[in-house]
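Enquirer: Just need the structure, nothing else, for what follows:
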Amino acid sequence: MEGRAEAEDQISTWYSSIYNAIQQTDLNLTLLVVSAFVFYKVVSLTRRQQRNHRDEQRILGPDPIKLRPKLKLQPLRSDFTVRELQEFDGTREDGRMLVAINFNVYDVSQSTHCYGPQGVYSNFAGRDISRDLINFTVRTSGFDEFDDLWDLSLSQMSILIEWDLQYKERYPYVGKLLREGVPHTDYAMEDEFEGDSEQEMEEMH
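Expert: Below is the predicted model of the structure:
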């Protein structure tokens, strides 16, 4: 009887060891699967962010400040309608190129490799590219009339504002994109007024 009890104890101990091993194996396998899934998601997110960053840099082009100037143009300050903006597509004699983002007009003339006639984004020059930037597409939205962007969602508006800030940091601001019939701002008079105000402030001090 004692031998039988001892044998049963040994069998019970063996089963317990096997059960514990299986439990431990399941735990390790679960941790391995979870770790692999987390690693996959992190790598996918990183690659997607890198791809979006590369797309943004291709559209924006290299920082003009770091490039050797190819065009010597006088600074331009003016508002534009859609039709007036279309004239600045890089085919003018002076080669000036303008784009509009979120109703702001920027001079991208120094990035001829991107926006010039032979550039990757040549169809952007002289246009309002707000919707194109939101959708990350090189195809223009096809709007030949003023687009008030009334139907944008909050997330789309957030994307557009981010693009606008990037262009503002990289390219000279020219003026506003206006609806037909809206008076243009006289920037010469505005600059003269600001200059007089600064001089008066200096005299007061």
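Enquirer: Break down the chain into its strands, ranges please.
Expert: Along the chain, counting by DSSP state E, strands occupy 80-81, 98-101, 104-107, 127-128, 173-178.
Enquirer: Mind giving me the packing neighbours of the first one?
Expert: For strand 80-81, the elements it packs on are strand 173-178, judged by 3 or more CB pairs under 8 Å, 6 or more residues apart in numbering; DSSP states H and E. Glycine gets a C-beta too; all of them are placed from N, C-alpha and C.
Enquirer: Quick one: list the elements packing against the strand it packs on.
Expert: strand 80-81, strand 104-107.
Enquirer: Partner strands of the shortest one, with direction?
Expert: What that stands for is strand 80-81. Strand 80-81 sits in its sheet next to strand 173-178 (parallel), going by DSSP bridges.
Enquirer: Could you report the neighbour count for the residue lying closest to residue 107 once chain neighbours are set aside?
Expert: Closest residue to residue 107 apart from its sequence neighbours, by CB to CB, 6 or more residues apart in numbering: residue 172 at 4.5 Å. Residues lying near residue 172 (other CB atoms under 10 Å) number 18.
Enquirer: And residue 172, what's its pLDDT?
Expert: If you check residue 172, the pLDDT there is 97.
Enquirer: That one and residue 106 touch, don't they?
Expert: Yes. Look at residue 172 against residue 106 with CB atoms under 8 Å: they come within range, at 6.7 Å.
Enquirer: quick one on the thing from earlier: ok, and which of the helices and strands packed on strand 173-178 has the densest surroundings?
Expert: strand 104-107 (a mean of 21; mean count of other CB atoms under 10 Å).
Enquirer: Run through the neighbouring helices and strands of that one.
Expert: Under the contact definition 3+ CB pairs under 8 Å, 6+ apart, strand 104-107 sits against strand 98-101, helix 154-170, strand 173-178.
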